[in-house]
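# Give me coordinates for this.
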Amino acid sequence: MGTSDVRADIVIIGGGIAGLWLLDSLHQAGYSAIVLNKGALGQGQSIAAQGIIHGGTKYTFGLGLESAVPDLAAMPERWRASLAGQQGPDLRAAPPLADAMQMWLPPQVGGRALATFSQKMMRGRMRERGPGDRPTVLPKGRGGSLFDLDETVVDVPKVLGALLALHSAHIREIPEAAEIALTECNDGMEVAAGAVKIQAQRVVLTAGAGNEGLLRQAGLTRISCQRRPLHQIIVRGMRQPLYLHCVGKSSKPLATITSHPDGTGAYYWYVGGLLAEQGVTQAPEKLIEVAKAEMARLLPGADFASATWATHRVDRAEPAGSGGLRPTSASALGKGGVIAGWPTKLALAPVLADKIMALLDRDAVRPGPSDMDGLAALAALATPTIARPPWETVQQWN
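Alright, predicted model coming up:
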């Protein structure tokens, strides 16, 4: 083997949370694995996530249905175990932003009956707060219902940093100008990334939107992809943190708000939900206008007098579903020496890792001889940095 050659069991292309979680799972199972990533870790989809470890409750509220994504139910407990260093990747270096989300059902016709029915359906997963026990942004004693949900909110940049620290020698950055070439060989696949060639039993693609081009490059055009865009809202200068789903008689929250410290004692409010989905067709200025009116309506006690506003666009990448429908869980599709994976939601990164590990087991892919000398050749590639969150990249605030 030449000095630029490396042998590994698995090469993962894509350094978001899904790829890095999988890397830890592989190492714990005894595989030699490497993550290759273009640019900063998490850039694109992971860093744009709100960090909510959904348990599925928001999809069932008021509908009397099982979760739209059944695998979500176990995710809050699984992530908490990891955040406590009890199982999976040790994420104790990434303390969560909040231990629970809240869900606000504003006063509306039939709202009390809707809340009571939903609470019975979701017993054990949500607890109602009294009118006097509400954040100041919500009306007190004037109707509506507020619940605490079993949903941790993680600090995505810190989670990425913790995962990098666990396996930094096995995580490399591909130069932006370098091409990635995937070639079948007798023992599996060869990956050429810049000056380095890596021979592996399997290549796993966890590059989000980047999976499309990689699948084409590997000749796997039958695995089709789709994107569902979002246009998120960012509010700068809020004086209190808020972690809240504002819901109506829909399976989707009208607005979902998470909070992120700005280093000065104030917070960025990062807003998704229907506002972000319906804002895809709107220019930033129009979406901000709509968001200001809707947020004032939903949160009458919030003080936006000194706030400034911005927006952030992101594509959620996933395998193409029938009629453009979203997948019901994380997806892992294998063909020959290539596996393509999409977590669909940040919370489902552990589920995706489980499914990929199951595919390896199905195909009898076992850990091979270690090649620690070969890993030294990865020094030709830099250790990537962590992507900056959306609020740190805003060019203009309104």
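# Point out where the chain drops to low pLDDT.
Residues of the chain meeting the criterion pLDDT under 70: 1-4, 57-69, 108-125, 142, 250-251, 322-325, 370-374.
# So for this protein, the centremost residue is which one?
For the chain, the residue nearest the mean C-alpha position is residue 346 (2.5 Å; C-alpha atoms, centre = their mean).
# Does that one touch residue 46 like I think?
Yes. Taking C-beta atoms under 8 Å as the contact criterion, residue 346 and residue 46 are neighbours in contact, 6.6 Å apart. Where C-beta positions appear, they are placed from N, C-alpha and C, glycine not excepted.
# between the two, what contacts are shared?
17, 156 (C-beta atoms under 8 Å, 6 or more residues apart in numbering).
# from the chain's centre, how far out does stretch 320-337 sit?
Chain-centre distance of stretch 320-337: 17 Å, with C-alpha atoms, centre = their mean, to the nearest Å.
# no no, stretch 170-185
Taking C-alpha atoms, centre = their mean, the mean C-alpha location of stretch 170-185 is offset from the chain mean by 23 Å.
# First-to-last residue distance for stretch 179-189?
Stretch 179-189 has an end-to-end distance of 16 Å (C-alpha to C-alpha, to the nearest Å).
# Sorry, wrong one. I was asking about stretch 207-227.
Stretch 207-227 has its terminal residues 13 Å apart, counting by C-alpha to C-alpha.
# Now it: buried residues?
207-212, 214-215, 218, 220, 223, 225-226 (16 or more other C-beta atoms under 10 Å).
# Tell me which two in these are the farthest apart.
The span of these, defined through C-beta to C-beta, is set by 218 and 226 at 18.4 Å.
# Could you check how far the residue nearest to residue 30 when sequence neighbours are not counted is from residue 135?
Distances taken as C-beta to C-beta, 6 or more residues apart in numbering place residue 367 nearest to residue 30, at 4.3 Å, with adjacent residues excluded. Distance, residue 367 to residue 135, using C-beta to C-beta, to the nearest Å: 50 Å.
# With residue 101 instead?
From residue 101 over to residue 135 the distance is 12 Å, taken as C-beta to C-beta.
# likewise residue 355?
Noted for residue 355: a distance of 38 Å to residue 135, by C-beta to C-beta.
# Report the contact partners of residue 146.
Counting by C-beta under 8 Å, 6+ apart, residue 146 touches 102, 103, 104, 105, 128, 129, 133, 134, 138.
# Can you say which of those are buried?
Buried among these by 16+ other C-beta under 10 Å: 102, 103, 104, 105, 134, 138.
# Looking at the residues you listed, which is nearest residue 336?
The closest of the buried ones among the contacts of residue 146 to residue 336 turns out to be residue 103 (C-beta to C-beta; 44.7 Å).
# Please identify the helix or strand for the closest one.
strand 101-105 (DSSP states H and E).
# Show me what that strand is packed up against.
For strand 101-105, the elements it packs on are helix 111-121, strand 145-149, strand 244-246, judged by 3 or more C-beta pairs under 8 Å, 6 or more residues apart in numbering; DSSP states H and E.
# picking up where we left off before, closest to residue 72 among the buried residues of stretch 207-227?
residue 208 (19.3 Å).
# Residue 195 and residue 378: what is the separation?
For residue 195, the distance to residue 378 - C-beta to C-beta - is 10 Å.
# if you count what's nearby, which of the two comes out ahead?
Neighbour totals were compared for residue 195 and residue 378, and residue 378 leads with 21 against 12 (other C-beta atoms under 10 Å).
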